[in-house]
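Asker: Take a look and give me a structure for this.
(chains A and B)
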Amino acid sequence: GQQLNQSPQSMFIQEGEDVSMNCTSSSIFNTWLWYKQDPGEGPVLLIALYKAGELTSNGRLTAQFGITRKDSFLNISASIPSDVGIYFCAGQLRGGAQKLVFGQGTRLTINP
Amino acid sequence: DGGITQSPKYLFRKEGQNVTLSCEQNLNHDAMYWYRQDPGQGLRLIYYSQIVNDFQKGDIAEGYSVSREKKESFPLTVTSAQKNPTAFYLCASSIVQGAGGYGYTFGSGTRLTVV
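Answerer: Take a look at the predicted model:
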């Protein structure tokens, strides 16, 4: 199936550091979504983006819909221990009601 | 509160046995999905359903079966034909397929272990 290229696959950072991750594709997307999955739980929606160039924040999280509509990034500022988990990007391809396509995830580990 | 409920949280199965994972939602969502997640891996789509009494295979449907007799329910059966069934299974729902990008709501998952 269709795949999104999400990077990095994993990150090991110190508490308080900023985090940046991104997703890219060769296809054009109508919508970009970012999810967080805590260990042993299902993913939870963090941010949804609907327009090219859109920049949206949710607390310490900021995400942008790339101007080419083929990429998106997520930034986390001043990381805290509860930010630990797996972050997934997801996109809805252009053209009708499409299933979401998911990235492979970025596993974030924070050293206190 | 509306949500999507998966049960049980942990499930153990002997080799050669079929097992059914439950997924129920009270969000009035039309579309429902089953994903499989292996350690360190992303989400792989098993089956999805857009309306009652209709469902389609995803990327890894072999060894699995589903039914959609009610809008609220989308059970997944892991059959003995699934060669490597140990994994974390996630159920999700959306208003309609894709839903204009409103996203999916996920359950809390079922961890299946074959013993």
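Asker: Which stretches in chain B count as helices?
Answerer: Counting by DSSP state H, chain B forms no helices at all.
Asker: swap in chain A?
Answerer: Under DSSP H, chain A gives no helices.
Asker: Looking at it, what residue ends up closest to chain B?
Answerer: Chain B sits closest to A:T31 of chain A, with a gap of 2.6 Å, by C-beta to the nearest C-beta. In this view, the C-beta of every residue, glycine as well, is placed from N, C-alpha and C.
Asker: What about that residue, how many residues nearby?
Answerer: Using other C-beta atoms under 10 Å in any protein chain shown, A:T31 is surrounded by 24 other residues.
Asker: Can you pull the residues of chain A lying near chain B?
Answerer: Applying C-beta under 8 Å from any C-beta of the partner chain, we find that chain A lies next to chain B at A:1, A:6, A:30-31, A:33, A:35, A:40-45, A:48, A:50, A:88, A:90, A:92, A:96-100, A:102-105, A:107.
Asker: Quick check: residues of chain B near chain A?
Answerer: Residues of chain B lying near chain A (C-beta under 8 Å from any C-beta): B:6, B:33, B:40-43, B:45, B:48, B:58-59, B:88, B:90, B:92, B:96-109, B:111.
Asker: filter the residues you listed to the buried ones?
Answerer: By neighbour count, with 16 or more other C-beta atoms under 10 Å in any protein chain shown, those hold B:6, B:33, B:42-43, B:45, B:48, B:58, B:88, B:90, B:92, B:97-99, B:101-109 as buried.
Asker: list the contacts for residue 55?
Answerer: All of this refers to chain A. A:T62, A:A63, A:Q64, A:F65 (C-beta atoms under 8 Å, 6 or more residues apart in numbering or on different chains).
Asker: I was thinking of chain B, sorry if that wasn't clear
Answerer: By C-beta under 8 Å, 6+ apart, the contact set of B:F55 is B:Y47, B:Y48, B:S49, B:V66, B:S67, B:R68, B:F74.
Asker: Enumerate the positions of stretch B:55-70 that are buried.
Answerer: B:F55, B:G58, B:I60, B:A61, B:Y64, B:S65, B:V66, B:R68.
Asker: now swap in stretch A:64-73 and tell me
Answerer: Neighbour counts over stretch A:64-73 (16+ other C-beta under 10 Å) mark A:Q64, A:F65, A:G66, A:R69, A:K70, A:D71, A:S72, A:F73 as buried.
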